[in-house]
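# Have a look; sequence and predicted model below, questions after that.
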Amino acid sequence: MKLPLSAWVSIGLLGLFFVGSLAIQWPLKMDAQSFDPNLVGGPLSPSFAHIFGTDDAGRDTLLRCLSGAKLSLSIGLVSVMMATSIGLAVGLVSGFSPRWIDAGVMRFVDFVMALPTFFLILSIQVLLKPSIWNVVVVIGATSWMGTARMVRASVLSLKERPFILVARARGLSSRRLLFKHILPHTLSPVLVSAMLGMGHAILTESVLSFLGLGVQPPCPSWGNMLEDSLSYMYQAPWMAIAPGMCIVCVVMATAVIGDAWQERIQQI
Amino acid sequence: MIAMRLIVKRLIWMVPLLVGMSAVSFVMIHVAPGDPASVMFDPNFSVKDQALVRKNLGLDQPLVVQYGHWLAHMVRGDFGYSYVTGKPVVTSFLERLPATLLLSVSSLVLIVGITLPLGMYSGAHPGSWIDRLIANITLLGLSVPTFWLGMMMIMVFSVWLGWFPSSGYLNPDLSEAGFLGTFLDRLHHLILPLFTIVIASLAGLTRYHRSGTKQLLNEPFVIACRARGLSENRILFKHILKNAALPLITILGLELPALMSGAFVVEYLFAWPGMGQLGIASIFSRDYPMIMGLLWVGAILLIFGNMLADMAYAWVDPRIR
């Protein structure tokens, strides 16, 4: 596949995070939550033993970052999968149904889009007791509208294309028409927006955890590591820099891959 | 005339939207575990006292009655009283409004002011090194979590360099400093949160403006301008700028939620006494009347923002009127 160098670098970077997060689980047998009691008493600055330093409880920042990668990547992936499936389903139904159903569904999409999403997410998190699954569901349930609109628009335009008219004339069932002939053509832009959506989901998760409303300590996530670092900004800047750089790298990688993909689609 | 119809249609559409949203959030709040009244309980309260508090707040009545009661007061502009401070919710909003307006309006102005030249230059010189630099910077801005950018700003400019204060709205010692002194001090406090929001939200608009400009440069009317011997700069500023800026209005309307959520966290981080900080504080203290009020105000702001964007679009572009 022909992609620009930056896209390959980004894919490699995401792979590195993935492998790293698995590595601390399995071959290295290092638990990011366990810590050396001798170190308790203050954050240690970066050294050969701890490349990114340690946090206030003497836990290695690099290991915790990798452990957080597992959470952030999986939260991003699962919530985007959820958002994309909802968006696809709503878009397909809306675009393929008679006009009155279409109008009703689109009004509902407008309704969800007019909600102050972020504040709503915060309120829901407080009400439901923050947990990882709540984060996933809440992000997934509030970020499908763009995909739905996009899919609907492309279904509407595909319906009038000659090959669909031919397929219809040959008497194919609606289900076959929808899944075999229309769905595949809508997929590539959906995958691009899913890629960008994943970056967005990771950002949202980090904000939630930063506010203490997402992943709960001692389970490390980039957001709650940053929350911890707030009180040590002066003594231990590495505690704030390392997890933040992880977020930036991963989100940037998804954006670069999404952009490269988008360009490829447009070339074809 | 058609614009009027558009406005009326939007306003009518707002009613079911607001009622639906408030009903959903109302039910959610009251079905969720934990009694809204429990935040007000003193550990020494007897069961009888607790029941009394519930009765005073109207929490012993059926949910539908409570909601109807809330809605009836709501329509008259009465959001109820904060469970935490006891002050009317509207009063708290009005107290917080100036700070939020200052931050959001100035960031909006700055975002548009920076986006237009950046996007125009990039679009007019695609592939040049400045274009690639701008693309990379906007990509970075897109990927940075707003709150982390704010933390880094605090770390560099207020902890290490000591140039700007890390939090607050106004220095309390300066309350007697006169107009100019107050103004400068406020500006001093404003700069870090302002630039945090601006840098984090530049990317989207700049990208749109770049691709708009680039596309327009291939249009027949531009070739006609060139054939008439107009200079590139004249074409850019007189003919392209207006056309390319059109979609930005809509994009700005669509970006409002992102701007709002960014402002939320930034206000929290910099202890900026605005609506966002109030929102986070009231979420943490489960101040339900406040949360309901803020959801309501947020939805109204969003709808009005998009409506204004549509109207501005119709006003600037006679084709869609």
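On my side now, so go ahead. If you're wondering where the values come from, they're calculated on a predicted model, not measured in any experiment.
# Show me where chain A has its helices.
Along chain A, counting by DSSP state H, helices occupy A:5-23, A:61-96, A:99-113, A:117-127, A:132-141, A:145-159, A:162-169, A:174-176, A:183-210, A:222-229, A:237-267.
# Please name whichever of those is nearest to B:G253.
helix A:99-113 (11.2 Å; C-beta to C-beta). All C-beta spots, glycine's among them, are computed from the backbone N, C-alpha and C.
# For that closest one, buried residues please.
A:102, A:105-106, A:109, A:112-113 (16 or more other C-beta atoms under 10 Å in any protein chain shown).
# so which of those residues are also by chain B?
Here nothing survives when the buried residues of helix A:99-113 are matched to chain B using C-beta under 8 Å from any C-beta of the partner chain.
# Please identify which of those residues is nearest to chain B.
Nearest to chain B, judged by C-beta to the nearest C-beta, of the buried residues of helix A:99-113 is A:M113 at 8.4 Å.
# starting at the chain centroid, how far to the helix or strand in which B:G113 is found?
In this assignment (DSSP states H and E), B:G113 forms part of helix B:89-124. Here helix B:89-124 is found 8 Å from its chain centre; the criterion is C-alpha atoms, centre = their mean, to the nearest Å.
# Can you list the low-confidence ranges for the chain?
If you meant another chain, say so; for now it's chain A. For chain A, applying pLDDT under 70 flags the ranges A:1, A:23-51, A:53, A:56-58, A:268.
# Can you look at chain B instead?
Those would be B:1-3, B:6, B:31-44, B:57-59, B:170-179, B:181, B:257, B:317-321, if you go by pLDDT under 70 across chain B.
# quick one: the residue nearest to A:L213 when sequence neighbours are not counted from B:L194, how far?
Take A:L213 and drop its neighbours on the chain: the residue closest to it by C-beta to C-beta, 6 or more residues apart in numbering or on different chains is A:Q125, 4.1 Å away. For A:Q125, the distance to B:L194 equals 28 Å [C-beta to C-beta, to the nearest Å].
# what does A:M252 give?
As judged by C-beta to C-beta, A:M252 and B:L194 stand 24 Å apart.
# got it, and A:L77?
A:L77 sits 35 Å away from B:L194, going by C-beta to C-beta.
# Now do the same contact list for the nearest residue to A:I86 once chain neighbours are set aside.
In space, and not counting its chain neighbours, A:I86 is closest to A:W144: 4.0 Å by C-beta to C-beta, 6+ apart. Contact partners of A:W144, counting by C-beta atoms under 8 Å, 6 or more residues apart in numbering or on different chains, are A:82-84, A:86-87, A:90.
# For the stretch 201-321 of chain B, which residues are neighbours of chain A?
So far as C-beta under 8 Å from any C-beta goes, the stretch 201-321 of chain B lies against chain A at B:257, B:260-261, B:264-265, B:268, B:279-280, B:283-284, B:286, B:291, B:294-295, B:298-299, B:301-303, B:306.
# Which members of those residues are classed as buried?
Counted by 16+ other C-beta under 10 Å, these give B:257, B:260-261, B:264-265, B:268, B:279-280, B:283, B:286, B:291, B:294-295, B:298-299, B:301-303, B:306 as buried.
# Return the subset of the residues you listed lying in helices.
Among these, the ones falling in helices (DSSP H) are B:257, B:260-261, B:264-265, B:268, B:279-280, B:283, B:291, B:294-295, B:298-299, B:301-303, B:306.
# any idea which of the buried residues of helix A:99-113 is closest to B:V27?
For these, the nearest to B:V27 is A:V112 (16.6 Å; C-beta to C-beta).
# residue contacts, the residue lying closest to the closest one once chain neighbours are set aside?
With C-beta to C-beta, 6+ apart as the criterion, A:V112 has its nearest non-adjacent residue at 5.6 Å, and that residue is A:M145. A:M145 sits next to A:87, A:109, A:112-113 when contact means C-beta under 8 Å, 6+ apart.
# Kindly provide the distance from A:M145 to B:F264.
Between A:M145 and B:F264 the distance is 20 Å, computed by C-beta to C-beta.
# Put the alpha carbons of stretch B:280-287 into PDB.
Written as PDB, here are the backbone C-alpha positions of stretch B:280-287 (Å, rounded to 0.1, in the frame of the first residue of the first chain):
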ATOM      1  CA  ILE B 280     -17.200  21.600  37.400                       C
ATOM      2  CA  ALA B 281     -17.600  22.700  41.000                       C
ATOM      3  CA  SER B 282     -21.300  22.100  41.000                       C
ATOM      4  CA  ILE B 283     -20.900  18.700  39.300                       C
ATOM      5  CA  PHE B 284     -18.500  17.700  42.100                       C
ATOM      6  CA  SER B 285     -20.800  18.900  44.800                       C
ATOM      7  CA  ARG B 286     -23.900  17.400  43.100                       C
ATOM      8  CA  ASP B 287     -25.600  20.800  43.100                       C
END
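# chain center to it, what's the gap?
On the basis of C-alpha atoms, centre = their mean, the separation between the geometric centre of stretch B:280-287 and that of its chain is 19 Å.
# now stretch A:122-133
Put simply, stretch A:122-133 sits 18 Å off its chain's centre (C-alpha atoms, centre = their mean).
# end to end, how far does it reach?
End-to-end distance of stretch A:122-133 (C-alpha to C-alpha, to the nearest Å): 14 Å.
# which parts of that stretch are buried?
A:122-128, A:130, A:132.
# of all the residues you listed, which two lie farthest apart?
Farthest apart among the buried residues of stretch A:122-133 by C-beta to C-beta are A:S123 and A:I132. That separation is 18.3 Å.
# so, if you compare the buried residues of stretch A:122-133, which one comes nearest to B:L236?
After measuring the buried residues of stretch A:122-133 against B:L236 - C-beta to C-beta - the closest member comes out as A:L122, at 43.2 Å.
# tell me the contacts of A:L213?
Contacts of A:L213 by C-beta under 8 Å, 6+ apart are A:122, A:125-126, A:130.
# again with B:A245
If you count contacts by C-beta under 8 Å, 6+ apart, B:A245 has them with B:116, B:209.
# what about it, which helix or strand?
Take DSSP H and E as the rule and B:A245 turns out to sit in helix B:241-269.
# do the same with B:P273
Residue-wise, B:P273 maps onto no helix or strand under DSSP H and E.
# give me phi/psi at it?
phi -80, psi 60 (degrees, to the nearest 10).
# distance of it from B:S261?
Distance of B:P273 to B:S261, given as C-beta to C-beta: 18 Å.
# next one: A:W8
Using C-beta to C-beta, we find A:W8 at a distance of 33 Å from B:S261.
# So which bits of the stretch 1-150 of chain B are right by chain A?
Checking the stretch 1-150 of chain B against chain A by C-beta under 8 Å from any C-beta, the hits are B:17, B:20-21, B:25, B:28-29, B:32-34, B:139-140, B:142-148.
# Can you turn the buried part of those into a PyMOL selection?
Only the buried members of the residues of the stretch 1-150 of chain B next to chain A end up in this PyMOL selection, burial being decided by 16+ other C-beta under 10 Å:
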select buried, chain B and resi 17+21+25+29+32+139+140+142+143+144+145+146+147+148
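# Isn't B:Y268 up against B:G274?
No - the criterion here is C-beta atoms under 8 Å, and B:Y268 misses it with B:G274 at 9.6 Å.
# Against B:A271, how distant is the nearest residue to B:Y268 once chain neighbours are set aside?
Setting aside the residues directly before and after it, B:Y268 is nearest to B:I280 in space (C-beta to C-beta, 6+ apart), at 4.9 Å. As judged by C-beta to C-beta, B:I280 and B:A271 stand 11 Å apart.
# ok, now A:S193?
Where B:A271 is concerned, A:S193 sits at a distance of 36 Å (C-beta to C-beta).
# okay, the two: which has more neighbours?
More neighbours surround A:S193 than the other of A:S193 and B:A271, with 22 against 14 (other C-beta atoms under 10 Å in any protein chain shown).
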